[in-house]
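Enquirer: Any chance you can model this:
(chains A, B, C and D)
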There are 2 protein chains.
Amino acid sequence: MAKAGKTKRAVTWQRDPEGMRLRILEAAKKEFANYGLAGARVDRIAAAAGANKRMLYYHVGNKEDLYLEVLEGAYEKIRTEERELDLEHLEPCDAIARLIEFTWHYFIRNPEFLALLNTENLFRAKHLKRSTKVKSMHSPFVELIRTVVDRGVARGDFQVAMDPVQLYISIASLSFFYLSNSATLSVIFGRDLLKKDARDARLSHMIGLVLASLTGRSAAEFGQPTPASLRNPSPQLA
Amino acid sequence: MAKAGKTKRAVTWQRDPEGMRLRILEAAKKEFANYGLAGARVDRIAAAAGANKRMLYYHVGNKEDLYLEVLEGAYEKIRTEERELDLEHLEPCDAIARLIEFTWHYFIRNPEFLALLNTENLFRAKHLKRSTKVKSMHSPFVELIRTVVDRGVARGDFQVAMDPVQLYISIASLSFFYLSNSATLSVIFGRDLLKKDARDARLSHMIGLVLASLTGRSAAEFGQPTPASLRNPSPQLA
DNA sequence: ACAGTATTTATCCAACGGGTTAATTTCTCT
DNA sequence: AGAGAAATTAACCCGTTGGATAAATACTGT
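Expert: Numbering: from 1, shown residues only, chains lettered A, B, ... in the order given. Model prediction:
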């Protein structure tokens, strides 16, 4: 409720357009992530933002405009964090491991991002295609991966020069699917895939998988080994 | 329209309850896959099934019952095909490769399955949890993978004994994410990920990735090499 | 042929939900 | 102080949508 001064004359304070806008976008992000575009309710967003429904239309536009802005914001956020990560000076293996860790933790910290991407894919990227904003926000990772892979191959650390796009997609896949589908997978396998132990095991599995395939060394060499409690779990259904 | 005789007395034919039911479920599957649960329209399902809306309620129940039945049907279908695949007698490497290929092609042939899973995960598996039916339909793959991995380790083909659940999830991940998110990924990378060349490249990449990490041999040894046209593509945006 | 049941159709409706209109309040600038 | 613009609120509008009611039609067994 209490808010920091922002505009030049911080005197009287009943209104706060910029703050309102942000609260609307934040509320909308949660709403769209929780219910999808069709399931999202404009009134609920307004209420959560501490606003009137009319405000959405005043500040952002209609439901789809709002959705697109949320989506763009989500891409912008991940691209920003990606850029801050700079991995150029790490050893090839370490760089790849760091990349996997970053992706994994980013998805864990931002589950709405996963949900928004799924929603957007349900619409076959209809909105994304209209967004010049997102299309110009290149992930730095593809080029980064290319140089890391080349470096790794040159040094003899890596055995093959993988297509960086394939590798990038694969790294994203391993985290994304696990987290995005954790609800159904947990039911089917009868174990909680989101508890601490399971998450730790997943991360080292992924690092092992990718690095082993790049280096040709054993997957067991990378990361801490899988805790014994998870090595040979009872199958499906608790 | 014309239908095969089914009940004992195939004489007059204005009505066909079983056929109607199937047509409704088929139409519903497409509708839910295309629009999600919230976006799906009961009237559209009815129309697509060549039926009256009232028929849905007569034959299946309300929208959510219908959805759950579609979901259960989708799981049943993949579990059935999985079971028909039996891979027991293949060499470990071949078995894993076949598993990857099956998963990949199944997802390509059944895009609705991917969409339904995403929808269900949006609901945090709320419906699946209620379904005793699905919970009892174990995928044969986890146990299969366990034996294949053990066999591969025993023969010295594989270097490590991976947790079969992790491996199963990873194999599914690599196909699922690529296909389910192909719309947004295609926009972001500025290339069509679903065209024939790209699909072929993806499949061999996945097989290479997984088998290399299991065997410790180079990823390049498995499957046909990536076509030159895709080895070093221009990055993001056409 | 006829009673009884299963299946299908034709309408209706109340709630919902996105979007709008118009009035009100608060800030800014002079 | 007061006019004009910006922000906010309250109330309404109306097409949509899931679901229900009731009547009609086709099939079954006798």
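
Enquirer: and after the helix or strand hosting A:Ile96, which helix or strand comes next?
Expert: If you go by DSSP states H and E, A:Ile96 is part of helix A:92-109. Downstream of helix A:92-109, the first helix or strand assigned by DSSP H and E is helix A:111-122.

Enquirer: which residues touch the very next helix or strand once past that following helix?
Expert: On the C-terminal side of helix A:111-122, the closest following helix or strand by DSSP H and E is helix A:126-130. With contacts defined as Cβ atoms under 8 Å, 6 or more residues apart in numbering or on different chains, helix A:126-130 is touched by A:Glu64, A:Tyr67, A:Leu68, A:Leu71, A:Glu120, A:Val134, A:Lys135, B:Ala183, B:Thr184, B:Val187, B:Ile188. The way it works is simple: take the backbone N, C-alpha and C, and place the C-beta from them, glycine included.

Enquirer: Flag the least confident of the residues you listed.
Expert: Ranked by pLDDT, these bottom out at A:Lys135 (91).

Enquirer: the helices in chain A, which residues?
Expert: Taking DSSP state H to define them, one finds helices in chain A at A:17-39, A:42-48, A:53-59, A:63-83, A:92-109, A:111-122, A:126-130, A:132-135, A:141-155, A:164-180, A:182-189, A:196-215, A:228-231.

Enquirer: mean pLDDT for these: which is lowest?
Expert: helix A:228-231 (a mean of 41).

Enquirer: related to what we said a few turns ago, from the contacts of helix A:126-130, keep the buried residues only.
Expert: Burial by neighbour count, judged by 16 or more other Cβ atoms under 10 Å in any protein chain shown, picks out A:Tyr67, A:Leu68, A:Leu71, A:Glu120, A:Val134, A:Lys135, B:Ala183, B:Thr184, B:Val187, B:Ile188 from these.

Enquirer: Once you drop chain neighbours, what's closest to the fifth one?
Expert: Read it as A:Val134. Closest residue in space to A:Val134, ignoring its immediate chain neighbours: A:Tyr75 at 4.9 Å, by Cβ to Cβ, 6 or more residues apart in numbering or on different chains.

Enquirer: from what I can see that neighbour touches A:Met137, true?
Expert: Yes: the criterion here is Cβ atoms under 8 Å, and A:Tyr75 meets it with A:Met137 at 5.7 Å.

Enquirer: sorry, back to before: closest one to B:Gly152 among the helices of chain A?
Expert: Closest to B:Gly152 of those is helix A:196-215 (Cβ to Cβ; 14.0 Å).

Enquirer: now A:Ser186, nearest residue through space, not along the chain?
Expert: Computed as Cβ to Cβ, 6+ apart, the closest residue to A:Ser186 that is not its neighbour in sequence is A:Leu193, at 4.9 Å.

Enquirer: In contact with A:Ile145, which residues?
Expert: Contacts of A:Ile145 (Cβ under 8 Å, 6+ apart): A:Ile96, A:Leu99, A:Pro164, A:Leu167, A:Tyr168.

Enquirer: Take the residues you listed and lay them out in JSON lines including distance to A:Phe32 and neighbour count.
Expert: Converted to JSON lines, those look like this (distance: Cβ to Cβ, whole Å; neighbours: other Cβ atoms under 10 Å in any protein chain shown):
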{"residue": "A:Ile96", "distance to A:Phe32": "32", "neighbour count": "26"}
{"residue": "A:Leu99", "distance to A:Phe32": "28", "neighbour count": "24"}
{"residue": "A:Pro164", "distance to A:Phe32": "31", "neighbour count": "21"}
{"residue": "A:Leu167", "distance to A:Phe32": "30", "neighbour count": "23"}
{"residue": "A:Tyr168", "distance to A:Phe32": "25", "neighbour count": "21"}
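
Enquirer: Need those in CSV (columns: distance to DNA strand C).
Expert: Conversion of the contacts of A:Ile145 to CSV gives the following (distance: Cβ to the nearest atom of the strand, whole Å):
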residue, distance to DNA strand C
A:Ile96, 43
A:Leu99, 38
A:Pro164, 40
A:Leu167, 40
A:Tyr168, 35
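
Enquirer: For B:Lys30, state which of those residues is nearest.
Expert: The nearest member of the contacts of A:Ile145 to B:Lys30, counting by Cβ to Cβ, is A:Tyr168 at 31.8 Å.

Enquirer: if we can go back for a sec, can you point out the buried residues in the helix holding A:Ile96?
Expert: For helix A:92-109, using 16+ other Cβ under 10 Å, the buried residues are A:Pro92, A:Cys93, A:Ala95, A:Ile96, A:Ala97, A:Leu99, A:Ile100, A:Phe102, A:Thr103, A:Trp104, A:Tyr106, A:Phe107.

Enquirer: Let's check: the centremost residue of chain A is which one?
Expert: When chain A is reduced to its mean C-alpha position, the nearest residue by Cα atoms, centre = their mean turns out to be A:Phe107, at 3.8 Å.

Enquirer: wait, what's in contact with that one?
Expert: Neighbouring residues of A:Phe107 by Cβ under 8 Å, 6+ apart: A:Phe113, A:Leu114, A:Ser175, A:Phe176, A:Leu179, A:Ser180.

Enquirer: cool, A:Gly36 as well?
Expert: A:Gly36 neighbours (Cβ under 8 Å, 6+ apart): A:Ala115, A:Thr119, A:Leu122, B:Gly36, B:Ala38, B:Gly39, B:Thr119, B:Leu122.

Enquirer: my guess is the second one meets A:Asn34, correct?
Expert: No: taking Cβ under 8 Å as the definition, A:Thr119 is not a contact partner of A:Asn34, at 10.4 Å.
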